[in-house]
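# Got a predicted structure plus its sequence, pasted below:
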Amino acid sequence: RVAELKDEQLYSQGHERSEGDFCPLCTLAIPPPLQEYATMRSCCVKTLCDGCCLSAVKSGLGNICPFCRTPPAKNDEEALGRIQKRVAARDPEAIRYLGDQHYYGECGLVKDASRGFELWSEAADLGSLKASSKLGMAYYYGKGVAEDEAKGIRYLESAAMQGSVESRYCLGCVEEENGNVDRAVRHFLISAKLGLKQSLDKIKDLFSDGHAT
């Protein structure tokens with residue numbers, strides 16, 4: 001009965017896009033995956049859709065941030081300094097982004113997976129769904145950290161129930177890998193309805209291959 005209640009929560013929640021998936025300028029939902037249709041600005045740590053960025057260029061702003069009107073950073077050091085200011089202000093997405101830079105060794109930083117995990121954990125605690133998704137996948141597959149599938153699933157489920165399309169898709173992939181096709185399809189259906197084309201493709205493949213009915 002406990003498992004049934006947990007599944008009821010898992011599959012009944014997270015059917016709406018999360019707040020971070022909306023462009024703060026036009027207020028429209030950005031199609032997933034966000035990195036293909038939007039850009040995060042280091043000056044204000046706002047994720048702006050490509051449409052608003054293009055509109056700003058055409059209006060004469062050039063590469064100036066259309067949200068906070070800050071000119072683009074001249075180099076990695078300046079960009080990192082801007083991020084650090086937002087980190088000091090306890091901005092969860094700035095902390096998550098700084099974690100990315102440490103984990104992958106970008107923006108002039110030496111690759112440091114452990115520091116990246118620390119920052120992702122802090123960001124997740126402050127509400128960053130992107131950080132929770134990254135932690136979930138890293139723990140589940142043991143990427144840069146000791147493998148802990150149960151902990152990875154907890155992070156993914158928590159983010160998915162709050163509207164993380166990426167986490168929902170990842171849960172579907174995990175269930176598919178484990179042979180739980182019905183559960184996988186349920187996850188893919190939710191993320192497909194939230195706009196993720198990869199989920200729709202997954203559903204089509206599962207049905208065409210006869211793995212789902």
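Thanks, I have it.

# Who are the contact partners of the residue nearest the centre of the chain?
When Cα atoms, centre = their mean is applied to the chain, the residue found nearest the centroid is residue 130 (3.3 Å). Residues near residue 130 by Cβ atoms under 8 Å, 6 or more residues apart in numbering: 20, 93, 96, 123, 164, 166. Any C-beta I mention is one placed from the backbone N, CA and C, and that applies to glycine too.

# which sections of this structure are below the confidence cut-off?
The chain contains residues with pLDDT under 70 at 213.

# And stretch 71-82, what's buried?
73, 79, 80, 82 (16 or more other Cβ atoms under 10 Å).

# out of these, what pair is the most spread apart?
73 and 80 (8.4 Å; Cβ to Cβ).

# For residue 95, see how far away the residue nearest to the centre of the chain is.
Remark: distance between residue 130 and residue 95 (Cβ to Cβ, to the nearest Å) = 11 Å.

# Name the residues contacting each of the two.
Shared contacts of residue 130 and residue 95 (Cβ under 8 Å, 6+ apart): residue 123.

# so how far is residue 66 from residue 41?
For residue 41, the distance to residue 66 - Cβ to Cβ - is 9 Å.

# what's the overlap in contacts for the two?
Both residue 41 and residue 66 are contacted by residue 48, under the criterion Cβ under 8 Å, 6+ apart.

# and residue 85, how far is that from residue 115?
Distance from residue 85 to residue 115, by Cβ to Cβ: 18 Å.

# residue boundaries of the strands in this structure?
For the chain, strands defined by DSSP state E occupy the ranges 38-40, 47-49.

# Tell me the buried residues in the last one?
Buried residues in strand 47-49, defined by neighbour count with 16+ other Cβ under 10 Å: 47, 48, 49.

# returning to that earlier point: return a ChimeraX selection command for the buried portion of the contacts of residue 130.
Here is the ChimeraX selection string for the buried members of the contacts of residue 130, based on 16+ other Cβ under 10 Å:
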select :20,93,96,123,164,166
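
# Going by distance to residue 10, which of the contacts of residue 130 wins?
Using Cβ to Cβ, residue 164 is the member of those that lies nearest residue 10, at 12.6 Å.

# Backbone dihedrals for that closest one, please?
Per-residue torsions, residue 164: phi -80, psi 110 (degrees, to the nearest 10).

# so what's it up against?
Contacts of residue 164 (Cβ under 8 Å, 6+ apart): 14, 18, 129, 130, 132, 133.

# switch to 6 Å and redo it
By Cβ atoms under 6 Å, 6 or more residues apart in numbering, the contact set of residue 164 is 129, 133.

# quick one: it and residue 178, what's the gap?
In terms of Cβ to Cβ, residue 164 sits 20 Å off from residue 178.

# Same question for residue 208.
With Cβ to Cβ as the criterion, residue 208 and residue 178 are 21 Å apart.

# sorry, back to before: residue 85 and residue 115: who's more crowded?
Ranked by neighbour count (other Cβ atoms under 10 Å), residue 85 and residue 115 place residue 115 first, with 16 against 13.

# so the more buried one touches residue 104, yeah?
No. Counting by Cβ atoms under 6 Å, residue 115 does not reach residue 104; the two are 11.5 Å apart.

# First-to-last residue distance for stretch 41-49?
One end of stretch 41-49 sits 11 Å from the other (Cα to Cα, to the nearest Å).
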